[in-house]
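> give me a model of this one.
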Amino acid sequence: MKAEYIITDYNSKSTAFLLEDGRLVRACPLCNENILGNVYTAKVVNIVKSINAAFLDAGIGDYLYYPIADNDGKHIYTRHGNSKKLCEGDELLVQIIKEPIKTKKGEASSNICLKGTGVIVNRTKEIGISVKITDDEKRSQLKAAVTPVVEKYSDINAGVIIRTAAENMEPEQITKEADELLCKLKAMIDKAAFMNAKLSVYKPENRLLVYVRDICIRQKYDEFEIITDKEDIFDELKGMLADLEIGGNYSSDKSFKLRLFSDNMTTPTLVYDLKSKLEKGLARTIHLKSGGSIVVEPTEAMTVIDVNTGKAIKGKSTENTFLKINKEAAQMIARTLRLRNLSGIIIIDFINMKQSENVHELIEYLKAQVAIDEVKVNYVDMTSLGLVELTRKKESHPYTIKDFE
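As a prediction, this is how the structure comes out:
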């Protein structure tokens, strides 16, 4: 697969676009303030027993939801509070794990996670390994590499998740990175004990750099090119990639390039037709090449997607036609989830098919398409009414065309 990651100004906003084989699958405004992953000292302002939750003031303009059951026994008390039972007025060290979305408040957790290239450290006391690393010997090597580090920081309930990118890294690199991140986490916890409430303690590094680095290390694409007309971003990327020695570590059968777009007569937006791709991808109705279409309807509780035949009914075998449209729709839906950053419950109403083998083929095809997603997507089931249920992990808010205006 060939991919291009384009960073340019779109409607005067710095925006990143990811194209896979020429199709837009991700678009992200870089100027939006994102609090996801930030760590704060926060004060407990209210405890609601009926939902077993607290609301915290971290000084970000709105209170944060803090589920007590999920954090029971893991509270990181700072200057005030040091009891087993959480009380109003206590001060805690917490991390934003969900951004505010519409009327829903952001969510905070005491399970602080710091992300590295090959590992994520947390406070779970557990070692996890990405299911995408399937080599048993490699899994054993990586687990053995982080076990002594987790034991070293047991006083902060250290845990480690070994990421997919670790498959292309040496165990010694994983050990070093896990130790550095856990040392950073311990220092953060120790420092917070002497800090006032409502202060920022930590912000993740530039999310653009993190995303590009992950793509490069995983070597996900056969051909991957980063293109930008912004010299400051080009210099940042060049420095990061040099530090990682990406070019030297890239497989011989894969291609990687970083290019500064310097044509003064045009822009990347025009060359790659980004405006048209974005508007079509974020429209309510998305037309398919077969003549069918999908209709995307976000609601407060879930996102509903309807698949229509449109003008695609041709030939004698409608069953085969329905399968063809449904598979094309499944591919488009998988791209739409990524482009719009949809999350939570996703309900899909595919065109009804009578043959069970065709339904099975469609479901397996859909599973393969959503497996490409960087965010975890779960296939739940198909109901008795033929509705397909998916869930996609919630992280940040979904994107609409207004975010790019």
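
> look up how far Asn38 lies from Thr78.
16 Å (Cβ to Cβ, to the nearest Å). Using the backbone N, CA and C atoms, a C-beta is placed for each residue, glycine as well.

> tell me which of these two has more neighbours.
Looking at Thr78 and Asn38 with other Cβ atoms under 10 Å, you find the greater number of neighbours at Thr78, namely 24 against 19.

> that one contacts Gly89, correct?
No: using Cβ atoms under 8 Å, Thr78 is not in contact with Gly89, being 11.9 Å away.

> contacting residues for the closest residue to Asp229 other than its chain neighbours?
The shortest distance from Asp229 to any non-neighbouring residue, by Cβ to Cβ, 6 or more residues apart in numbering, is to Phe261 (4.1 Å). The contact partners of Phe261, taken as Cβ atoms under 8 Å, 6 or more residues apart in numbering, are 8, 227-229, 267-268, 271.

> any idea how far Phe261 is from Val44?
50 Å.

> before we move on, what about Val307?
Applying Cβ to Cβ to Val307 and Val44 gives a distance of 47 Å.

> same check on Thr15?
38 Å.

> over to Ile227?
47 Å.

> all helices of the protein, in order?
68-71, 136-152, 171-192, 207-218, 231-244, 246-249, 268-271, 274-281, 318-340, 356-370 (DSSP state H).

> quick one, the third one and helix 136-152 angle?
So the one you mean is helix 171-192. 30 degrees (axes from the mean of the first three to the mean of the last three Cα atoms, to 10 degrees).

> can you give me the buried ones in helix 171-192?
Under the neighbour-count criterion of 16 or more other Cβ atoms under 10 Å, helix 171-192 has 171, 173-175, 177-179, 181-182, 185-186, 188-189, 192 buried.

> ok, now the last one?
Under the neighbour-count criterion of 16+ other Cβ under 10 Å, helix 356-370 has 358-359, 362-363, 365-366, 369-370 buried.

> and for the longest one?
Going by neighbour count (16+ other Cβ under 10 Å), the buried part of helix 318-340 is 321-323, 325-340.

> give me the neighbour count for Asp235.
Residues near Asp235, counting by other Cβ under 10 Å, number 11.

> meant to ask about Thr285, not that
12.

> give me the low-pLDDT residue ranges for the stretch 101-250 of the chain?
102, 243-250 (pLDDT under 70).

> let's see 80
When residues are selected by pLDDT under 80, those of the stretch 101-250 of the chain lie in 101-104, 165, 168, 205-211, 213-220, 240-250.
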